[in-house]
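Chemist: Predicted model, plus sequence, below.
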Amino acid sequence: MQRKTLGRTGIEVSAICLGSMTWGSQTSQREAHAQIDRALARGVDFIDTAEMYPVNPVRAETIGRTEEIIGTWFAATGRRAEVVLATKQSGEGLRDVRGGAPISARTIPEAIEGSLRRLGTDYIDLYQFHWPNRGSYMFRQNWRFDPSGQDRAETLAHMGEALEALQREVERGTIRAFGLSNESAWGTAQWLRLAEAGAGPRVATIQNEYSLMCRLYDTDLAELGVNEDVTLLAFSPLAAGLLTGKYQNDAVPEGSRMSLNGNLGGRKTPHAFKAVAAYLDLADQHGVDPVQMAVAWCLTRPFPCLPIPGATRLDQLDRLLDAADLTLSPELLEAIDDTHRAHPMPY
């Protein structure tokens, strides 16, 4: 398994991160523990979670359950030191998480204490803001994104106060590094600028959606990532399962994400199925597994990037992790770019 460094932190992790968002809903605690065991056995020591997980669906009664499942694995095995652990604080608006409170100097220590308690640990390696208070163009909001109502001074004041609160947590030893999620180039640049002025910890990572089907990161954020050493943690590298091909020809497997979330968060479109068909054909032509092609492709990007695939079952995880040993030929990479030009924004 390749190793990568998170930003400028010096924290080394496996080149593939284990996603956990189904643990406690689609995936049982027993299966989740087996996934952690298998991941570590295969060289994956980086796990990502969030205080709001599990999803599919998000329910008030299960919020925080994923962190609890990870905590029970730590308690049962005593192997906390072998894992680089990332979690996330929810942004404003999710009522069932701390009443929908925004990220602030007041809520940061409260949210961290809640995650530490559920995880059964006294520190978090990478603490991320799940989405910005001001909103985001992510989650298909890019089609009608309107930043004209933002208050720049208010946003910058919030960022400065949040960084100061995070610095206090660093000094307290509860977090080691700081990352963003569902952020923009402008937002990330401001967090970086304020940190460099001494407000608090520097952004190490940004966790945005990125896959063969969703390449919004490829321009401004890619340049920022290279020049500022910000590592992309690419979530949904399989486009919510579309790139497995399991939903082609109107199929909806029992227990799948689509069976629980009919439109896959806005990803289910006629254009999407045409794009998937093209990528499946491409994988077949080059004799590679389409799932492994999608994950391995993330590792070829010309900016710091590592994928966060998730699995509901152990056999799915094994298939995903085999991508670490797959080398994509120059001919296949060129064909992938050609396919992207033919299907640039399928959802």
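Modeler: Okay, I see it.
Chemist: and the closest residue to Leu328 other than its chain neighbours, how many neighbours does it have?
Modeler: Distance criterion CB to CB, 6 or more residues apart in numbering; nearest residue to Leu328, sequence neighbours excluded, is Ala296 at 5.6 Å. (Each C-beta comes from the backbone N, C-alpha and C, glycine too.) Ala296 has 22 neighbours, counted by other CB atoms under 10 Å.
Chemist: and if you look at the one 5 residues further on?
Modeler: Neighbouring residues of Arg301 were enumerated by other CB under 10 Å; the total is 18.
Chemist: and it, backbone torsions?
Modeler: Backbone geometry at Arg301, expressed as degrees, to the nearest 10, gives phi -70, psi 150.
Chemist: that older thread, dump the residue contacts of the residue nearest to Leu328.
Modeler: Going by CB atoms under 8 Å, 6 or more residues apart in numbering, Ala296 touches 323-324, 326-328.
Chemist: From those residues, list just the buried residues.
Modeler: Those of the contacts of Ala296 that meet the buried threshold are 323-324, 328, by 16 or more other CB atoms under 10 Å.
Chemist: Grab the two from the contacts of Ala296 that are most spread out in space.
Modeler: Ala324 and Leu328 (12.4 Å; CB to CB).
Chemist: Who are the contact partners of Arg42?
Modeler: 1, 321, 324.
Chemist: again, only this time at 10 Å
Modeler: Arg42 sits next to 1, 14, 16, 18, 317-318, 321-322, 324 when contact means CB atoms under 10 Å, 6 or more residues apart in numbering.
Chemist: Give me the common contacts of Ala324 and Leu328.
Modeler: Taking CB under 10 Å, 6+ apart as the criterion, Ala324 and Leu328 both touch 292, 296, 299.
Chemist: tell me which of the residues you listed is nearest to Leu233?
Modeler: Set against Leu233, the nearest of those by CB to CB is Leu299 (12.6 Å).
Chemist: burial count for the nearest residue to that closest one once chain neighbours are set aside?
Modeler: Spatially, and ignoring its direct neighbours in sequence, Leu299 is nearest to Ala15 (5.9 Å; CB to CB, 6+ apart). For Ala15, the count of nearby residues is 18 (other CB under 10 Å).
Chemist: cool, Val170 as well?
Modeler: Val170, neighbours per other CB under 10 Å, totals 15.
Chemist: did I read that right, it in a helix?
Modeler: Yes: with DSSP: H, G, I helix; E, B strand; the rest coil as the criterion, Val170 is assigned to a helix.
Chemist: which residues touch the residue lying closest to it once chain neighbours are set aside?
Modeler: The shortest distance from Val170 to any non-neighbouring residue, by CB to CB, 6+ apart, is to Pro201 (5.7 Å). Each residue near Pro201 by CB under 10 Å, 6+ apart is listed here: 9, 127, 163, 166-167, 169-170, 175-179, 191, 195.
Chemist: ok, now with 7 Å
Modeler: Under the criterion of CB atoms under 7 Å, 6 or more residues apart in numbering, the neighbours of Pro201 are 163, 166-167, 170, 177-178, 195.
Chemist: same deal with Ile16?
Modeler: Each residue near Ile16 by CB under 7 Å, 6+ apart is listed here: 44, 306-307, 309, 321, 324.
Chemist: Looking at the residues you listed, which one is closest to Ala251?
Modeler: After measuring the contacts of Ile16 against Ala251 - CB to CB - the closest member comes out as Pro309, at 20.5 Å.
Chemist: No further queries at this time; thank you.
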